[in-house]
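Peer 1: heads up, no residue letters with this:
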């Protein structure tokens, strides 16, 4: 019996060493997800990001899981969170913006979800998410025209994974 106890105790430090990287990795994932406002507890991957868990019922009015695709999907400005209208007003006024280091800046469309355009066509703007102490996942992307009079308007509530076009932004 003493031998079994010794074997277990001699294996235990090795187990601890093997699990430490897993624990640290898991902690890093949780911290990064928390920083970006990603809900790791949701198992509904089809509708993830659609509501940002803010309690604002307007978030779900973006037409569910297909809310952000640009294959003809549109979202009226009134169906978006109130903060989207505030961001739209800031854009039309030429600022000021809540995040001046990030807003009214180049958006590269690296995901390739929006229609292909020249590299300087799109600009991005933060749509505030109440209760977060960072930018969150919601954005308005504009394209073409001038800064205060864009040709195209898009909304995403899942940080560029999907978009809907805002036909009545102006």
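Peer 2: Arrived safely, thanks for sending. Keep in mind that this is a model prediction, so the values were computed, not measured.
Peer 1: C-alpha from now on. contacts and neighbour counts both.
Peer 2: OK.
Peer 1: which stretches of the protein have low pLDDT?
Peer 2: 1-20, 22, 26, 29-72 (pLDDT under 70).
Peer 1: domain ranges for it?
Peer 2: Listed by automatic domain parsing, the domain ranges of the chain are 1-36, 49-165.
Peer 1: contacting residues around the nearest residue to residue 152 once chain neighbours are set aside?
Peer 2: If the residues on either side of it in the chain are set aside, residue 152 comes closest to residue 143, at 4.8 Å by C-alpha to C-alpha, 6 or more residues apart in numbering. Applying C-alpha atoms under 8 Å, 6 or more residues apart in numbering, we find residue 143 in contact with 121, 122, 123, 150, 151, 152, 153.
Peer 1: which of the residues you listed are buried?
Peer 2: 121, 122, 123, 150, 152, 153 (16 or more other C-alpha atoms under 10 Å).
Peer 1: and those residues, which of them are in strands?
Peer 2: Taking DSSP state E as the definition of strands, the buried ones among the contacts of residue 143 contribute 122, 123, 152, 153.
Peer 1: Compute the distance between the third one and residue 130, please.
Peer 2: To residue 130, residue 152 is 26 Å away according to C-alpha to C-alpha, to the nearest Å.
Peer 1: And the first one, by the same measure?
Peer 2: To residue 130, residue 122 is 25 Å away according to C-alpha to C-alpha.
Peer 1: Show me the helices in the chain, by range?
Peer 2: 2-36, 82-93 (DSSP state H).
Peer 1: Show me what the last one is in contact with.
Peer 2: With C-alpha under 8 Å, 6+ apart as the contact definition, helix 82-93 has outside contacts at 58, 77-78, 96-97, 125-129, 140, 147-149, 169-170.
Peer 1: if we go to 10 Å?
Peer 2: For helix 82-93, the surrounding residues in contact (C-alpha atoms under 10 Å, 6 or more residues apart in numbering) are 56, 58-59, 77-79, 94-98, 103-104, 124-130, 138-140, 142, 146-150, 153, 155, 169-170.
Peer 1: I figured residue 118 hits residue 108, correct?
Peer 2: Yes. If you go by C-alpha atoms under 10 Å, residue 118 and residue 108 touch, sitting 9.2 Å apart.
Peer 1: Near residue 106, how many other residues are there?
Peer 2: Neighbour count of residue 106, defined by other C-alpha atoms under 10 Å: 17.
Peer 1: And residue 77, by the same measure?
Peer 2: 19.
Peer 1: neighbour count winner among residue 118 and residue 108?
Peer 2: residue 108 (16 against 10).
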